[in-house]
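Novice: sequence plus the predicted model coming up.
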Amino acid sequence: METDLVKLIRKVQQKHGEDSFEISNNTLSTLMQDTIEIKEVYDEGDLTKNYVKFATDLLSGKFGTEFIEQIIGGFGETLKTEMKDFKESYKKKQSSIKEILPSVFIHTSMSKVLMESMIATLVHNARLEVKFHNKKPETLKWTEDSLRQEALKYKSMSDFSKEEPDAYRAVVRHGMKIGLALEMKKKSNFFQNKK
C-alpha cells in the first residue's frame, strides 16, 4: 500500500500531454456538502480521444446524473441516438462519429478551440470544473482582466472567436466563456434599449 507521501510525489511529478485536461468538482460545493472529491485526468494522447472518453464518462453517470438534461443540452447537434440523424456533412466523414454508449453517438469533427469550448460548456452544465494542461506557453500572458477587456470589444462570442482566436482559446481555458457571453448579451441589450 502506498504512503501518502509517495502518492503526493507521483502527483507532483506527473506529466500531462498538451491536449490533456483534468475534471474536478467545484471546491465550494465539496466544502458545503457531503460530496466525494472528484479528480479525473483525461490524457489519452490527443484532444479528440480525451473528449470522447470524457463524454462517455459524463453521459454514463460517472459524475452523477443530477444535471443530465443540461449536459445533454450542452452537446447540441453533436449528440444523436442514430447515425442517420447527423447532418450529411458529418455522415460523409463517418470516422468522426463515435458510438460512446449503446445508441448514443457524438461527432468529433471540430477544431481544437471548438472542442475545448464544448468541454468547457459541458463541464459548466455538469457543475464541475476543468483545468486544461498546456505544454506550449501562451504567446501573450493573459490575465482575466485583459481577456475580459479584449472580449468585450466584440458584440458576440462568435465575432470574438473569429477575430481573436488565441484570446478566445485563453478565455475558454480560464473558464470565462459563459460569463463573458452573458456580459456581451447584457451590453448588446443595453445599447438596443437605448435606441
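Specialist: Ah, there it is.

Novice: give me the distance from stretch 95-110 to the chain's centre.
Specialist: 17 Å (C-alpha atoms, centre = their mean, to the nearest Å).

Novice: first to last residue in that stretch, what's the distance?
Specialist: End-to-end distance of stretch 95-110 (C-alpha to C-alpha, to the nearest Å): 13 Å.

Novice: contacts for it?
Specialist: 48, 51-52, 55-56, 59-60, 75, 78-83, 86, 90-91, 93, 115, 118 (C-beta atoms under 8 Å, 6 or more residues apart in numbering). For every residue, glycine as well, the C-beta is placed using N, CA and C.

Novice: so which bits of that stretch are buried?
Specialist: For stretch 95-110, the neighbour count (16 or more other C-beta atoms under 10 Å) marks 96, 97, 98, 100, 104, 105, 106, 107, 108, 109, 110 as buried.

Novice: mark which of these are part of strands, please.
Specialist: Among those, the members found in strands (DSSP state E) are 97, 98, 100, 104, 105, 106, 107.

Novice: buried subset of the contacts of stretch 95-110?
Specialist: Using 16+ other C-beta under 10 Å, the buried ones in those are 48, 51-52, 55-56, 59, 75, 78-80, 86, 90, 115, 118.

Novice: got the CA coordinates for the longest helix seen in the chain in PDB?
Specialist: Determined from DSSP state H, the single longest helix within the chain is helix 177-194. Output in PDB follows, covering the C-alpha atoms of helix 177-194 (Å, rounded to 0.1, in the frame of the first residue of the first chain):
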ATOM      1  CA  LYS A 177     -16.600  32.000 -21.700                       C
ATOM      2  CA  ILE A 178     -20.100  31.700 -20.300                       C
ATOM      3  CA  GLY A 179     -19.700  34.700 -18.000                       C
ATOM      4  CA  LEU A 180     -18.300  36.800 -20.800                       C
ATOM      5  CA  ALA A 181     -21.100  35.700 -23.200                       C
ATOM      6  CA  LEU A 182     -23.700  36.800 -20.700                       C
ATOM      7  CA  GLU A 183     -21.900  40.200 -20.300                       C
ATOM      8  CA  MET A 184     -21.800  40.600 -24.100                       C
ATOM      9  CA  LYS A 185     -25.500  39.900 -24.300                       C
ATOM     10  CA  LYS A 186     -26.400  42.400 -21.500                       C
ATOM     11  CA  LYS A 187     -24.200  45.000 -23.200                       C
ATOM     12  CA  SER A 188     -25.900  44.400 -26.500                       C
ATOM     13  CA  ASN A 189     -29.400  44.600 -24.900                       C
ATOM     14  CA  PHE A 190     -28.400  47.800 -23.100                       C
ATOM     15  CA  PHE A 191     -27.400  49.500 -26.300                       C
ATOM     16  CA  GLN A 192     -30.500  48.200 -28.100                       C
ATOM     17  CA  ASN A 193     -32.800  49.600 -25.400                       C
ATOM     18  CA  LYS A 194     -31.000  53.000 -25.700                       C
END
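
Novice: do you have the helices of the chain handy? List them.
Specialist: Using DSSP H, helices in the chain cover 4-13, 27-32, 47-59, 68-75, 88-92, 112-125, 144-151, 157-163, 165-173, 177-194.
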